[in-house]
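Asker: The sequence and its predicted three-dimensional model are supplied below.
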Amino acid sequence: MRNIAVIDIGKTNVKLVLIDRNTGGELAALSRPNTVLTGPPYPHYATDDIWAFILDGLGLYEKYFGVDGVSITTHGATAAIMCNGALALPVLDYEFDGPEALKSKYDAARPDFAETLSPRLPVGLNLGAQIFWQANAHKDAFAAADMILMYPQYWAYRLTGVAASEVTSLGCHTDLWNVGDKQFSSLVVGQGWEHLFPSIVPAMHVIGPVTPEIAAQSGLDPATPVACGIHDSNASLLPWLFTGADRINVISSGTWTIVMSVGGEIAALDETRDCLAYVDAFGRAVPAARFMGGREFSELTAGLEGTPRPEDVAAVVEKKAMVLPGLVPGVGPFPHSKGRWSVDPEGLSDRERMASASLYMALLAHTCLRLASLGELIVVEGPLARNTIFCSALAALTERPVHVSADATGTSLGAAMLFEDEGVAATLGEPITPMMVAGLHAYADAWMKAVTDD
């Protein structure tokens, strides 16, 4: 097997990436926005459009390159409620605030943090809250449901007709998984949902070939195997689980910036600051902290032009021009802070504003690293790996080696590894040179004081 087509569904974009497994490089990539339809019956993902995009892309890849296998990775906090092989209800957008209407009832039903290592999050970011709301607000449709599929496994089911559950998505701030006992949580049992989840299958497992119908529609060989699928942050983590390092931090960036600490301490996680444990592909708890970095960075830099230079960074530090958290309320290490500038941003150049935004990302990531356990070295995946200000500032602030991943999507290489019989360690290149800007640490101290004084 050489060419692996990776279906990579992020919160902002849907991608189909063809990975050469021999080199780890991208042979081709297609992308489209991950559209949210406003309703009825509630905001939901355009799954029919995504499906058409997937089939068309697989057909193109098969025609021009050949496809030896299909793997799937998706964002978390998402599941498909099924009935007789089709959706019983549309796949709910986790930013929909409908579940808040049942907040008090759900809080009484959900497990303690000690059981799930899943913090209480707003809107539908706890998947359990979504399902609880769907079960109450759409009782007839939910009563008819015969299966709940986690989002990667929903697409695997559509490709193969084989139903499965998988732990990286079940253990992603869902309230559905008992991390210590490695079984469904008391919420699932108490609500009587356990029978709706198919048997658990490892992410690194071929659940079947594509169906004859899919082969005919896409042009794929009928024997093309499909991997079970994996949560996107765990896909980013997977290549780094085999490096041999005892303590390594992986920063997976996209719409969310997820800071994970392989070998880190779970006992000190602070559930009030968006700390949690993910579950890796082998079922092990991985302490983490996170913030909505991609969303915030896009908001801060929309319409700005130019590339920041070292003198722009120095000017920002000298002026103490800071972005303070949080532009997306209710999430991140400072969930109750109101996002704002320390100075009037209109007095800054475009390059200075972009430099301030990058330093803001580094300060938030540094905070999350301390919350999740700072390891021996740091790897940055995804868009932030291409932000030299972020990476060099992080290296200076943490005083740890910071390496960047060559994987442009941050997830596709890990997802392609689901076909490996044995894990293949990612290669660490030379570390990023730490930022050499006078006053950077004083700037960071002033930022933290401004945040904590709120």
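Answerer: Perfect, thanks for sending it.
Asker: Q217 and A52 touch, don't they?
Answerer: No - in this structure, Q217 sits apart from A52 without contact. The criterion is CB atoms under 8 Å, and the distance is 10.0 Å. For every residue, glycine as well, the C-beta is placed using N, CA and C.
Asker: so where's the protein shaky on pLDDT?
Answerer: Residues of the chain meeting the criterion pLDDT under 70: 406-410, 421-426.
Asker: Just want the most central residue of it.
Answerer: Centroid-nearest residue in the chain, with CA atoms, centre = their mean: S233, separated by 4.3 Å.
Asker: so that one, which of the three states?
Answerer: The three-state assignment at S233 reads helix, by DSSP: H, G, I helix; E, B strand; the rest coil.
Asker: residues contacting it?
Answerer: Under the criterion of CB atoms under 8 Å, 6 or more residues apart in numbering, the contact list for S233 reads G76, C172, S252, W256, I258, M260, Y278, A288, T411.
Asker: now M354
Answerer: Counting by CB under 8 Å, 6+ apart, M354 has contacts L300, T301, L304, G306, T307, P308, D312.
Asker: Check whether L30 sits in a helix, strand or coil.
Answerer: Counting by three-state DSSP, the backbone at L30 sits in strand.
Asker: Could you pull out the helices in the stretch 1-150 of the chain for me?
Answerer: Along the stretch 1-150 of the chain, counting by DSSP state H, counting those that start in this stretch, helices occupy 47-64, 103-109, 113-116, 127-137, 139-144.
Asker: which stretch among these comes nearest K449?
Answerer: K449 lies closest, by CB to CB, to one member of those: helix 113-116, at 28.7 Å.
Asker: Can you work out which other helices and strands pack against the closest one?
Answerer: With contacts defined as 3 or more CB pairs under 8 Å, 6 or more residues apart in numbering; DSSP states H and E, helix 113-116 has these neighbours: strand 177-178.
Asker: Past the strand it packs on, which element shows up next along the chain?
Answerer: Remark: after strand 177-178, the chain's next helix or strand is strand 183-184, criterion DSSP states H and E.
Asker: Residues touching that next one, excluding its own?
Answerer: By CB under 8 Å, 6+ apart, the residues outside strand 183-184 that reach it are L170, L176, W177, N178, E194, F197.
Asker: And the helix or strand following it, how far out from the chain middle?
Answerer: From strand 183-184 onward toward the C-terminus, using DSSP H and E, the following helix or strand is helix 186-191. Counting by CA atoms, centre = their mean, to the nearest Å, helix 186-191 is centred 25 Å from the centre of its parent chain.
Asker: List the buried residues in whichever helix or strand comes after helix 186-191.
Answerer: As assigned by DSSP H and E, the chain's next helix or strand after helix 186-191 is strand 206-209. The neighbour-count criterion (16 or more other CB atoms under 10 Å) identifies V206, I207, P209 as the buried residues of strand 206-209.
Asker: So which elements touch strand 206-209?
Answerer: Of the remaining helices and strands, those touching strand 206-209 by 3+ CB pairs under 8 Å, 6+ apart are helix 151-160, strand 225-227.
Asker: Looking at the helices of the stretch 1-150 of the chain, spot the one closest to L359.
Answerer: Shortest separation from L359 across the helices of the stretch 1-150 of the chain is recorded for helix 113-116, at 31.6 Å, computed as CB to CB.
Asker: tell me the contacts of A415?
Answerer: When contacts are counted by CB under 8 Å, 6+ apart, A415 is found next to I4, V6, D8, S71, I72, T73, A227, G229, I230, A235.
Asker: Reformat those as TSV; add neighbour count.
Answerer: Supplementary listing: these in TSV, determined by neighbours: other CB atoms under 10 Å:
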residue	neighbour count
I4	26
V6	26
D8	24
S71	30
I72	28
T73	35
A227	27
G229	31
I230	32
A235	33
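Asker: follow-up on the earlier one: could you tell me which of the contacts of M354 count as buried?
Answerer: Burial by neighbour count, judged by 16+ other CB under 10 Å, picks out L300, P308, D312 from the contacts of M354.
Asker: My guess is the second one contacts L359. True?
Answerer: No - between P308 and L359 no contact is recorded; they are 9.7 Å apart, counting by CB under 8 Å.
Asker: anything in contact with each of those two?
Answerer: Common contacts of P308 and L359, defined by CB under 8 Å, 6+ apart, comprise I389.
Asker: Give me the neighbour count for V162.
Answerer: Summarising burial for V162: neighbours were counted as other CB atoms under 10 Å, giving 17.
Asker: In contact with it, which residues?
Answerer: Residues touching V162, when contacts are defined by CB under 8 Å, 6+ apart, comprise A156, I207, G208.
Asker: cutoff 10 Å now
Answerer: Each residue near V162 by CB atoms under 10 Å, 6 or more residues apart in numbering is listed here: Q153, A156, P198, V201, V206, I207, G208, P209, T211, V226, C228.
Asker: Looking at the residues you listed, which is nearest K320?
Answerer: Out of the contacts of V162, the member with the shortest distance to K320 (by CB to CB) is Q153, at 48.3 Å.
Asker: Nearest spatial neighbour of the closest one, chain-adjacent residues omitted?
Answerer: When the adjacent residues along the chain are set aside, Q153 lies closest to A164, with 5.1 Å between them (CB to CB, 6 or more residues apart in numbering).
Asker: That neighbour reaches G208, doesn't it?
Answerer: Yes - distance between A164 and G208: 9.3 Å, which falls inside the contact criterion (CB atoms under 10 Å).
Asker: shared neighbours of the two, anything?
Answerer: For the pair A164 and G208, residues contacting each of them under the criterion CB under 10 Å, 6+ apart are A156, Y157, C228.
Asker: Surely the second one is in contact with A163?
Answerer: Yes - because the distance of 5.4 Å satisfies CB under 10 Å, Y157 is recorded as touching A163.
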